[in-house]
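**Student:** pasted the sequence and its predicted model underneath.
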Amino acid sequence: MSQFFQIHPETPQKRLIKQAVEILQQGGVIAYPTDSAYALGCHMGDKQALERIKQLRRLDDRHNFTLMCRDLSELSTYAKVDNQAYRLLKAHTPGAYTFILNATREVPKRLLHPKRRTIGIRVPDNPIALALLEELGEPLMSVSLILPGDEQPMTDPYEIRATLEHQLDLIIDGGYCGLEATTVVALTDEVPEVMRVGAGDPTHFQS
């Protein structure tokens, strides 16, 4: 049975953020709000927790997992960023975008696309998500909370609890957030490629 924390969407309670991070560090899987929709998260180094998320979402090895980062300086530890990509990232983070980049050796192999060695990177514009990342001190392995067979992510924390309370360790109620997943942009080649249109405005990356 999962725990259910009601965390203030603008001024997150430090005590609850600390408890949430302890759950992550002990191998827990959590549902938490972002600036697009709710997401599932686990500790980057926890293989078992990642497997639980893959089963829950029915994801295969070709899915691009995302590292939720505090800021651009953290992002550059895990992804190879040239000057052009950096300018784009700087202009659009934090925000409702996931950027697909070539990964560095710091990224655990199990998170990478098996053929392309790419990783999704994102800096959220959400006080709860940022507070979790600050307390954790490293990126959070993350995927949108879209259940198998659904097109849209889950947005209601009470519905998440009713559906998934036996499969998650913690659900954070940060109120309703967006109805759409992030816009996904690949920055692995010279020309940016919009791979999924979501909450972020895609026109900045379309020539």
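**Tutor:** Thanks, I have it. Because the structure is a prediction, the values reported are computed rather than measured. Numbering: from 1, shown residues only.

**Student:** for the closest residue in space to residue 44 that isn't next to it in sequence, give me phi and psi.
**Tutor:** Among residues not flanking residue 44 along the chain, residue 141 sits closest, at 4.7 Å (CB to CB, 6 or more residues apart in numbering). To be clear about C-beta, it is placed using only N, CA and C from the backbone, and glycine gets the same treatment. Torsion angles at residue 141 (phi, psi; degrees, to the nearest 10) stand at phi -70, psi 130.

**Student:** now do residue 141 against residue 28, distance only.
**Tutor:** Separation of residue 141 from residue 28 (CB to CB, to the nearest Å) stands at 12 Å.

**Student:** okay, and the common contacts of these two?
**Tutor:** Common neighbours of residue 141 and residue 28, using CB atoms under 8 Å, 6 or more residues apart in numbering, are 42, 49.

**Student:** next, the residue nearest to the spatial centre of the chain: secondary structure please.
**Tutor:** Closest to where the C-alpha atoms of the chain average out (CA atoms, centre = their mean) is residue 142, at 3.5 Å. With DSSP: H, G, I helix; E, B strand; the rest coil as the basis, residue 142 sits in strand.

**Student:** what bridges to it?
**Tutor:** residue 41, residue 66 (DSSP bridges).

**Student:** other residues contacting the helix-or-strand element of the chain with minimal mean pLDDT?
**Tutor:** Lowest on mean pLDDT, DSSP states H and E among the helices and strands of the chain sits helix 72-78, with a mean of 90. For helix 72-78, contacts defined as CB under 8 Å, 6+ apart pick out 67, 69, 81, 86, 89-90, 93, 103-104, 106-107, 119, 121, 123, 138-139.

**Student:** just the buried residues of these.
**Tutor:** 67, 69, 81, 89, 93, 103, 107, 119, 121, 123, 138-139 (16 or more other CB atoms under 10 Å).

**Student:** can you flag which of the residues you listed belong to helices?
**Tutor:** Of the buried ones among the contacts of helix 72-78, the ones assigned to helices by DSSP state H are residue 89.
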